[in-house]
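Peer 1: Sharing a model prediction with you, sequence too.
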Amino acid sequence: MRRENESNGAAPDAAARSLAPAVSRAMRVLDLLAQSPGEPVSLAEIARSLGAAKSSTSNVCTVLEESRMISRVANGYVLGRRTVELGGAYLTQFDQIKEFYRICAESPLLQRQLVQLAVLHDREVIYLARHEGRTPLRLTSGAGVGDHSPAALTSIGTALLATLDPAQVTELYDETAFPALTARSTRSLEQLHAKLALTRERGYAVDEGEVFPNVVGIAMAIPPRQSGDHAFGINISRIVPTDPPTLSREELDSVVETLRHAVSQLTNPMALGTDTHR
C-alpha cells in the first residue's frame with residue numbers, strides 16, 4: 001500500500017493507522033462529499049484527499065455505491081439517497097423535533113414565520129428542523145435541514161454560545177474565525193463577548209442583518225431536559241425592509257413571548273398539553 005501511495009504522488013493514508021482502515025476511509029469519503037453539496041467529486045480528487053491510491057479508493061467507492069451511500073454521476077461522486085434515510089432515522093430519535101413541528105403548527109404566530117431548530121457544533125450551528133411558515137422569506141444558503149452556519153453571526157448560534165462559560169468561548173474562537181457576511185457581521189472576539197453578555201442579560205439573542213442584510217433573527221436556547229441531552233436553539237427569522245433591520249418594540253415583545261412559551265413546552269414534557277398562544 002505504501003508503494004502504491006508513493007507512486008501516486010499522495011501522502012500516506014491516515015486511515016491505514018486506524019483499527020478499521022476501510023471503515024475510516026469510507027467515513028472520510030462521506031465527509032468529503034458532504035463538504036461539496038451538489039458538486040460531484042472525482043475519484044482522483046477523493047484519492048488525493050485521502051492520500052490513497054486510486055485503486056483502493058475505487059474499491060471503497062464501489063462498496064459505498066452498492067450500499068447507496070454515494071452515487072456515481074458523470075463527473076464523479078455525490079452523496080446517495082441512503083444518507084437521507086439514515087439522517088431521517090437519526091432525527092426521529094429526538095422527540096423535541098416532532099414537538100417543534102407541532103408547536104409551530106399550533107401557534108398562530110409561529111405558523112406564519114420561518115422557524116428553525118439547531119444545535120451547536122464547534123463554531124457552527126447545524127439546523128435540525130425548519131418550519132417554512134406562510135411568510136415570503138426564503139433563505140437561499142446555510143439554512144436548510146443539515147446545513148451549517150457561523151454560530152457567532154446567527155441569532156440561534158448566539159443563543160447557544162451564550163450558554164457557555166466566557167472562557168469556553170474565548171478558547172473556541174480567535175480573531176480569524178469570523179466570516180464577514182454583511183457589513184453588520186460580528187468581526188472580533190471582543191464584539192462577540194459583548195453580544196453574548198447582552199444575550200445572557202435579556203434572555204434571548206438578536207441578529208440584525210449579520211447574515212442577510214434585511215433579515216432579523218430572534219432566538220433562545222432550549223435547556224436540555226436531562227444530563228447528556230443535546231442543547232437546542234430555536235429562532236424566528238423575518239424580513240425587515242429598514243436599515244438597520246429592526247423590529248418594533250411591540251413586534252419584538254410578541255416574538256419573545258411566543259419563543260419563551262415554545263421553549264417551556266420543548267423543555268418540560270408536562271407543559272405539552274397547555275395552550276400554545278400567540
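Peer 2: Everything's here; your move.
Peer 1: ok, which stretches of this protein are strands?
Peer 2: For the chain, the strands defined by DSSP state E occupy 70-73, 76-79, 114-121, 124-131, 148-150, 205-208, 215-222, 232-239.
Peer 1: in its sheet, what does the fifth one sit against?
Peer 2: Each strand that strand 148-150 pairs with, and the sense of that pairing, follows from DSSP bridges: strand 124-131 (antiparallel).
Peer 1: what's the partner strand in contact with?
Peer 2: With CB atoms under 8 Å, 6 or more residues apart in numbering as the test, strand 124-131 has contacts from 91, 94, 97, 100-101, 104-105, 110-111, 113-119, 143-151, 154, 156-157, 160, 232-233. (Each C-beta comes from the backbone N, C-alpha and C, glycine too.)
Peer 1: Kindly give a single PyMOL line that selects the buried subset of the residues you listed.
Peer 2: What follows is the PyMOL syntax for the buried subset of the contacts of strand 124-131, where burial is set by 16 or more other CB atoms under 10 Å:
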select buried, resi 94+97+100+104+110+111+113+114+115+116+117+118+119+143+145+147+148+149+150+151+154+156+157+160+232+233
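Peer 1: tell me which residues in stretch 47-56 are buried?
Peer 2: So for stretch 47-56, counting by 16+ other CB under 10 Å, buried means 47-54, 56.
Peer 1: hang on, I meant stretch 63-82
Peer 2: For stretch 63-82, by 16+ other CB under 10 Å, it's 64, 69-71, 76-80.
Peer 1: for stretch 157-175, same thing?
Peer 2: 157-163, 169, 172-173.
Peer 1: Between those, which sits nearest T258?
Peer 2: Proximity of these to T258 (CB to CB) peaks at A159, which lies at 14.8 Å.
Peer 1: residues in contact with that closest one?
Peer 2: 199, 204-205, 219-221, 233, 235.
Peer 1: Please identify which of these is nearest to D31.
Peer 2: G233 (24.1 Å).
Peer 1: Can you get me a residue count around the residue nearest to P224 when sequence neighbours are not counted?
Peer 2: Distances taken as CB to CB, 6 or more residues apart in numbering place A231 nearest to P224, at 5.3 Å, with adjacent residues excluded. Using other CB atoms under 10 Å, A231 is surrounded by 14 other residues.
Peer 1: which residues touch A231?
Peer 2: Counted by CB under 8 Å, 6+ apart, A231 has contacts 119-120, 160, 163, 221-224.
Peer 1: Tell me how far D147 lies from V115.
Peer 2: 15 Å (CB to CB, to the nearest Å).
Peer 1: nope, E210 is what I was after
Peer 2: On the measure of CB to CB, E210 and V115 end up 18 Å apart.
Peer 1: Export the longest helix along the chain to CSV, keeping only CA atoms.
Peer 2: Taking DSSP state H as the criterion, the chain has its longest helix at helix 249-267. What follows is helix 249-267, C-alpha atoms only, in CSV (Å, rounded to 0.1, in the frame of the first residue of the first chain):
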residue,chain,number,x,y,z
ARG,A,249,-40.9,47.0,20.4
GLU,A,250,-44.4,45.6,20.1
GLU,A,251,-43.3,43.0,17.4
LEU,A,252,-40.2,42.1,19.5
ASP,A,253,-42.2,41.6,22.6
SER,A,254,-44.7,39.3,20.8
VAL,A,255,-41.9,37.2,19.2
VAL,A,256,-40.0,36.9,22.5
GLU,A,257,-43.2,35.9,24.5
THR,A,258,-44.0,33.3,21.8
LEU,A,259,-40.5,31.9,21.8
ARG,A,260,-40.5,31.7,25.6
HIS,A,261,-43.7,29.7,25.5
ALA,A,262,-42.3,27.4,22.9
VAL,A,263,-39.1,26.9,24.9
SER,A,264,-41.1,26.0,28.0
GLN,A,265,-43.0,23.3,26.0
LEU,A,266,-39.9,21.9,24.5
THR,A,267,-38.1,21.8,27.9
